[in-house]
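> when you get a sec, could you give me coordinates for this:
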Amino acid sequence: MNLLHAFSLRRRLAALSLMTMMTLAWQARALQALTVESDFEGASVRVMNVDAGSQTVQFMPGGDPKRGWPCWWCFRIEGLDPRKPLTLQLRASDLPMPQANGLPSNKPLAAEWSMPERASFSADGKSWKKTPQGARVEGVMTYTFPVEGSSVLVAWGPPFTPATSAALVRQMAESSAAAEEQELCKSREGRSVPMLRVCEGDRVEARRFGIWVQARQHAWESGASWVCQGFTEWLMSSEAGPTWLRQNAEIYIVPIMDIDNTATGNGGKEATPQDHNRDWTEKPNWNEVAAVQKYIREFAKEGRMDVFLDLHNPAPKDVKAFFYALPEELVKEPMLSNRKRLFSLARSEVGSVFPMMDVPKYDGPKYHPLWRQMSGTWVTMNGNPHTVAVCLETPWNIEQSTVEGYKAVGAKLGVAVQRYLEEGVKKE
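Below is the predicted model of the structure:
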């Protein structure tokens, strides 16, 4: 080997050595950079372990059981290598619940509430996708899926935060003179609760139907707020149906009731001292419930508390949408006939875009010891003889449980309400 060749070989080896060192250094930095972030609205997580090598995050939901079921989780992962899949390994919260069904408890929440078959993820926080179906083995649910960049948001379901609620209300109000941005109240922690009032044309209020739509009495049920958004967007569209409804009704919409627990990433249901949907008494604990009651009483005083819709998400094994309502033996005419007709219309409309049960489920005395303190019961008992007050449960644990799927339910629910009122309400 001549000297020139040897010198050239040494230069190549040195360059390769430098490249190897740089690659190893980059890989080391990448391994150290994988982080979990939860310092934003609606976030919730207890990180157990982060393995950058296998790109795996082991975690639990991070909610405080005193503030409701610790089933909701949402966080951001930074420093990802998009050439490798991300693996999430989820365990249920091991913290004991202070109460269950209104009674003292010291057991953790059942794991199935925090483990959707498919989790949700987003690269930008706007467009949400479903992961492939997770695999549950020995108490651990594992989701593995590809990522497109170095950062991803992951969640139990597509988040709908107080900021989302405020933006929706503001956008609708700015787009039409028929819509007005209002505040239902300030929460106990001082947060504003956005509310939209819709009333078009010069028909006097006393001659308008009264409609109340609310979502998220339980903070973890994010899908309910997306249903509410679908209803709202349909209502403010240029279609003939919502035009008639806007001109003949006064409509109030509250996309998030439990604003505090939604903001802080807590579950809300079975919160202490009182679950929002067990707080419908003469002296509610929660400001939001007390504020809604005032509006309902005013509608009823004017004889026009026509439709009350409370939007929720149900149990993990519920795969079809359905209504919760008081048992028929507790409901008198004309309320019973009106309710049956709205149910029929909703089955026809909602069932065309989302699986829906043919018959409602009943709450009442056999459902919960505090059944008299639930919203539907309270509105039924404090509304008018013709009032229809029901809860719509939209499944969260099926493939259709997406932003688009939820919004389609909301839009069709709006069509059903419009048809119900346009065809005439039985008042005697």
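
> so which residues of the stretch 1-150 of the chain form helices?
Along the stretch 1-150 of the chain, the stretches classed as helices by DSSP state H, counting those that start in this stretch are 3-33.

> residue closest to the middle of the protein?
When the chain is reduced to its mean C-alpha position, the closest residue under Cα atoms, centre = their mean turns out to be residue 222, at 1.0 Å.

> how far does stretch 310-329 sit from the chain's center?
What separates the centre of stretch 310-329 from the centre of its chain is 15 Å, taken as Cα atoms, centre = their mean, to the nearest Å.

> okay, now the domains of the chain?
Split into domains by automatic domain parsing, the chain comes to 34-155, 162-422.

> okay, now the first one: how far is its last residue from its first?
If I follow you right, that is domain 34-155. End-to-end distance of domain 34-155 (Cα to Cα, to the nearest Å): 18 Å.

> which one, of the domains of the chain, ends up nearest to residue 428?
Residue 428 lies closest, by Cβ to Cβ, to one member of the domains of the chain: domain 162-422, at 6.2 Å. C-beta here means a position set from N, CA and C on the backbone, and glycine is covered the same way.

> show the model's pLDDT score for residue 11.
Taken from the predicted model, the pLDDT recorded for residue 11 is 61.

> my error: substitute residue 99 in the last question.
Predicted confidence (pLDDT) at residue 99: the value is 83.

> out of everything not next to it in sequence, what's closest to residue 69?
The shortest distance from residue 69 to any residue other than its chain neighbours is 3.6 Å, reached at residue 267 (Cβ to Cβ, 6 or more residues apart in numbering).

> before we move on, what about residue 397?
Here the nearest residue to residue 397 in space, its sequence neighbours aside, is residue 316; by Cβ to Cβ, 6+ apart that works out to 4.9 Å.

> again with residue 422
Residue nearest to residue 422 in three dimensions, not counting chain neighbours: residue 244, with 6.2 Å by Cβ to Cβ, 6+ apart.

> pretty sure that neighbour is touching residue 415, no?
No. Residue 244 sits out of contact with residue 415 when judged by Cβ atoms under 8 Å, with a separation of 11.1 Å.

> between the two, which has more neighbouring residues?
Taking neighbours as other Cβ atoms under 10 Å, residue 244 and residue 415 compare with residue 415 leading, 21 against 15.

> ok, residues contacting the helix or strand where the more buried one lies?
When elements are assigned from DSSP states H and E, residue 415 belongs to helix 403-422. Under the criterion Cβ atoms under 8 Å, 6 or more residues apart in numbering, residues 128, 158, 209, 211, 223, 226-235, 241-242, 244-245, 248-249, 306-307, 309, 321, 338, 341-342, 345-346, 348-350, 352-354, 388, 392, 394 lie in contact with helix 403-422.

> alright, that wraps it up for me.
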